[in-house]
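Asker: Following is a predicted model, sequence given first.
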Amino acid sequence: MAGRRVIAIDGKTVRGARAAGGVAPHLVAAFDHAARVVLGQVAVAAKANEIPTVRILLGILNLTSAVVTIDAMHCQDDTAQTIVDGKGDYVLTVKRNRPSLHAAMRAPPWKHIPTHSYTEKTKGRRVTRTIKTTIVPDWVTFPGAAVVAQLRRTVTVKGKKTIEVVYVITSADVPPRTLAAWVQGHWIVENALHYVRDTAYAEDHSRVRTGQAPRVMATLRNTAISLLNLAGATNITAALRHLNRRPGKIIILLTSGKATLP
């Protein structure tokens, strides 16, 4: 399973582009976990919601042998079927928005299932992640499901401990370590795309709001972030400052995709 493309899908509202009616554009993007590039973006139609929009986005992506990670809102039969039909695999978090499925996920004898754990330590903070996986039980009916998992996240800060338990369902029959990495890696779309658009590009402060202009500007930001990541940028804000003083490098980056960046 090593080397498979893993795609995180998530939505973001362009808050500064709120129109007179009070509705701000909401865009759903597909982001490559490893390459950190945007593979596609679709706007949520007026009076619609994110769930059908994600299926539209999935329909324009090449999902063959890819793995798609999406949050619990999109734990929907039709969404899972779309990914399976596209010859890809899904990793979906199951929460109480699917009460019957969530109850079924709690039913396996988890305390008797072997555990894979790993701990990360930073200054004043310790995070232990534990995952248990088992083949999908007979009583779980979900398109293409192969494996279910229980993930426990224990965070200790200054002696205070918090525990979160979530359940995951996937069509990929992979080792626990691989599945845990995919689940944790999903949040790269927030940290390396949406957060960067807000901080490095001040997207939520933009007052561009006419017609499709907010969507176009978001696409341009996505393109710039993708190019910088492909060129090896380790800090987008630092890379932008570097290029601002060296405009010739921008032309090189745009024409060749290569540039020496901090």
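Answerer: Arrived safely. Here the structure is a predicted model, which is why all the values come from computation and not from measurement.

Asker: who touches Thr237 in this structure?
Answerer: When the contact criterion is Cβ atoms under 8 Å, 6 or more residues apart in numbering, the partners of Thr237 are 199-200. The way it works is simple: take the backbone N, C-alpha and C, and place the C-beta from them, glycine included.

Asker: That one and Asp77: what is the separation?
Answerer: Separation of Thr237 from Asp77 (Cβ to Cβ, to the nearest Å): 41 Å.

Asker: Over to Ala145?
Answerer: In this structure, Ala145 and Asp77 are separated by 10 Å, where distance is defined by Cβ to Cβ.

Asker: Compare those two (neighbour count), which wins?
Answerer: Ala145 (19 against 13; other Cβ atoms under 10 Å).

Asker: In a helix, that one, correct?
Answerer: No. Using DSSP: H, G, I helix; E, B strand; the rest coil, the assignment for Ala145 is coil, not a helix.

Asker: What helix or strand is Ser117 located in?
Answerer: The secondary structure element spanning Ser117 is strand 116-122 (assigned by DSSP states H and E).

Asker: which strands and helices sit next to that strand?
Answerer: Judged by 3 or more Cβ pairs under 8 Å, 6 or more residues apart in numbering; DSSP states H and E, the packing partners of strand 116-122 are strand 125-135, helix 176-185.

Asker: Let me know the average pLDDT across stretch 231-247.
Answerer: Along stretch 231-247, the predicted local confidence has a mean pLDDT of 92.

Asker: One more: stretch 45-63?
Answerer: Confidence for stretch 45-63, expressed as mean pLDDT, is 91.

Asker: Okay, now it: how far is its last residue from its first?
Answerer: 23 Å (Cα to Cα, to the nearest Å).
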